[in-house]
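Q: I'll drop the sequence and a predicted model, then ask my questions.
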Amino acid sequence: LSTEDWTKTGWGSGSLVSKCHVLTSHHAVFAHGKTEKGTIDPKKEEKMYLGKEVLVGLGQISGSPWKSDRIIGKIVGFDETIRNLDQSNNPYYDDGKDFAVIKLNKGKDGKYPGEKRKPFCLQSAFDKVHKNKNLRKLSLRGIGHPGDKYFTTPKGEISLWQDIDCRIIGTDGSAFRTNCQSKGGMSGGPLTQYDEIEDCWTIYAMYSGGNT
């Protein structure tokens, strides 16, 4: 997904979680004011607002142009407290709140994407997290669109890649730490496990940052 054209503005990843909703990271749809030194310049932060339009490309591999389906959506949810001040009054981002929800328009066929594709599951993950606090036992798949793969393909193809066996290894503030492969462009992509009972891929977390 991107706010304009993938090749001009970069992109983030996301998951279809209903017939018309995509879950992604907040910083993939709103520019944060991080500097090269890792500090935060509030003057460079993009204003957060509901209704911002986002371009979403659907499918696992690049198509022409870039994805098999391209649909416009609008941001319908995020946590405004993601941008905060620490005890020394310095600005910081709360990685545990790095999410946004996009509602997609109908496609050219008059249908929502989730009417043709099976969405990821969320509710079963919430239930399991509350019942099973030892999430380190879960074998997860980290999925997203890594930018380094795009730059190494002759035509600049945006393809979906996955780390097929990674784990949550701890916490960092309000976020998880994982050993899942993480590259720029994968932000918003899911860390998921297949649930045989529910017959769906369940999302336990999603990429926010890191470069392991």
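A: Everything's here; your move.

Q: What ranges does the protein have for its helices?
A: For the chain, applying DSSP state H gives helices covering 6-9, 123-131, 147-152.

Q: give the contact list for T178.
A: With contacts defined as CB atoms under 8 Å, 6 or more residues apart in numbering, T178 is in contact with L140, G142, C166, R167, I168, I169, L191, A205, G210, T212. For every residue, glycine as well, the C-beta is placed using N, CA and C.

Q: Quick check: bridge partners of it?
A: I168 (DSSP bridges).

Q: That one and H26: what is the separation?
A: Computed with CB to CB, to the nearest Å, the distance linking T178 and H26 is 18 Å.

Q: and what of G57?
A: To H26, G57 is 19 Å away according to CB to CB.

Q: Compare the two (neighbour count), which wins?
A: H26 (26 against 20; other CB atoms under 10 Å).

Q: Separate out the buried members of the contacts of T178.
A: Listed as buried from the contacts of T178 are L140, G142, C166, R167, I168, L191, A205, G210; burial here means 16 or more other CB atoms under 10 Å.

Q: just curious, which of the residues you listed is nearest to E198?
A: L140 (15.8 Å; CB to CB).

Q: Could you give the bridge partners of that closest one?
A: C166.

Q: OK, contacts around it?
A: L140 touches D165, C166, R167, I168, T178, C180, L191, T192, Q193, Y204, A205, counting by CB under 8 Å, 6+ apart.

Q: any idea how far D41 is from the last one?
A: Here the criterion is CB to CB. By it, A205 lies 28 Å from D41.

Q: quick one: R70 from L1, how far?
A: Distance, R70 to L1, using CB to CB: 10 Å.

Q: can you list residues touching both of these two?
A: Joint contacts of R70 and L1 (CB under 8 Å, 6+ apart) are L55, V56, G57.

Q: Adding distance to V101 and pLDDT, write the residues you listed out as CSV.
A: Below are those laid out as CSV (distance: CB to CB, whole Å; pLDDT from 0 to 100):
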residue, distance to V101, pLDDT
L55, 16, 90
V56, 12, 90
G57, 17, 86
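
Q: In terms of distance to T81, which of the residues you listed ranks first?
A: Proximity of the shared contacts of R70 and L1 to T81 (CB to CB) peaks at V56, which lies at 25.4 Å.

Q: What number of residues are in the vicinity of the residue nearest to that closest one when sequence neighbours are not counted?
A: Spatial nearest neighbour of V56, chain neighbours left out: L1 (4.6 Å); criterion: CB to CB, 6 or more residues apart in numbering. A count of neighbours around L1, defined by other CB under 10 Å, yields 25.

Q: mind checking how far L1 is from T81?
A: Relative to T81, and taking CB to CB, L1 is found at 23 Å.

Q: Span of stretch 187-207 from start to end?
A: Its start and end residues considered, stretch 187-207 measures 5 Å (CA to CA, to the nearest Å).
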